[in-house]
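Student: Starting from these lines, generate the structure:
(one chain, ligands or ions: 1)
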Amino acid sequence: MTRTTEPTAPTAPFGARLRRAMDTRGPLCVGIDPHPSLLAEWGLEDDVAGLRAFTDTVVDSLAEQVAVFKPQAAFFERFGSAGLAVLETAVARAREAGALVLLDAKRGDIGSTMAAYADAYLRTGAPLHVDAVTLSPFLGYGSLRPAFDAARASGSGVFVLALTSNPEGAEVQRARADDGRTVAQTVLDRLAEENAGAEPLGSFGAVVGATLTRADAELAVNGPLLAPGMGAQGGTAEGLRRIFGSALGNVLPSVSRGVLRHGPSPEGLRNAARAEAEQLAEAVG
Ligand SMILES: O=C(O)c1cc(=O)[nH]c(=O)n1[C@@H]1O[C@H](COP(=O)(O)O)[C@@H](O)[C@H]1O
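Tutor: Residues are numbered from 1 along each chain as shown. Here you go, the predicted model:
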């Protein structure tokens, strides 16, 4: 009988591993969003074989170059268990090649169910264990506690939605609580508590869109700030300086379609990711 070996927990916490990846590979996250329209542009069918070819090409082309991949779970879930199998393989291959994997799942639920999500993504040895996962705090920040606990135990990380890149987000996220703080600021303040004392960087990040005009929030959470919305949604490298100010050093800009539309040629993908990284280094440095 063949025994499978349980992977050991990563030695360093996610924040430290992310800091090292951003410093050595540049602060760029490439989203893996296999939209049906992109599959068509790549000459692929909108089926599991097309999904697998697309995902493998992105991972094989960029895994030694980019700091972080962010697969968007929805595009894999569209295909049921076969799609999840593609995701599982991609996660393993990306991590083997030295890239970190942030699964964009935006999970959020009552605490007891949150514990099951944490078990799915943040437990060492789970089939879909990733380096970090995106979470939604809108059932109450405290409901995410099982995910923080699981992440600490396995050296993983989480990114909590604070100020999202879509225009509809503001009506919830900019709403003010009785103490005058916005909902987003309450999330950011709780993350700062979570990351207190962590060096060189905490493992618990916030999502702050690259499309905002201004943050109008205190962003010093001592953790990473994922900035999606670059490219296709209008976010620019120059805009990051305006939004993030002195927190710029902790920003992980994320681009999906802006890079993916340069495939299926591996060279095209690599050049696009390199160009993004250079622009970012110039704007952020
Ligand atoms: O959590 C995210 O990644 C996310 C948060 C947010 O505020 N806005 C946002 O666009 N995203 C995700 O980032 C990706 C953006 O893709 P592009 O617009 O193609 O770069 C999608 O997978 C979105 O689901």
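Student: What is the neighbour count of the residue of the stretch 1-150 of the chain found nearest the ligand?
Tutor: Closest contact between the stretch 1-150 of the chain and the ligand, by Cβ to the nearest ligand atom, is at residue 72 (3.8 Å). The way it works is simple: take the backbone N, C-alpha and C, and place the C-beta from them, glycine included. As a burial measure, residue 72 scores 20 neighbours (other Cβ atoms under 10 Å).
Student: bridging residues for it?
Tutor: With DSSP bridges as the criterion, residue 72 is bridged to residue 104.
Student: who touches it in this structure?
Tutor: Residue 72 is in contact with 31, 32, 33, 104, 256, counting by Cβ atoms under 8 Å, 6 or more residues apart in numbering.
Student: if we go to 7 Å?
Tutor: 31, 32, 33, 104 (Cβ atoms under 7 Å, 6 or more residues apart in numbering).
Student: And residue 82, by the same measure?
Tutor: residue 48.
Student: one step back: which of the contacts of residue 72 are close to the ligand?
Tutor: 31, 33, 104 (Cβ under 6 Å from any ligand atom).
Student: Reformat those into CSV and put neighbour count and pLDDT next to each item.
Tutor: Listed next are the ones next to the ligand among the contacts of residue 72 as CSV, based on neighbours: other Cβ atoms under 10 Å; pLDDT from 0 to 100:
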residue, neighbour count, pLDDT
31, 24, 98
33, 18, 98
104, 25, 98
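Student: Kindly reformat those as TSV containing distance to residue 265.
Tutor: Shown next, in TSV, are the ones next to the ligand among the contacts of residue 72 (distance: Cβ to Cβ, whole Å):
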residue	distance to residue 265
31	19
33	18
104	25
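Student: any idea where the helices of the chain begin and end?
Tutor: For the chain, the helices defined by DSSP state H cover 14-25, 36-41, 48-62, 73-77, 80-96, 111-121, 145-154, 170-173, 183-194, 237-244, 257-260, 266-284.
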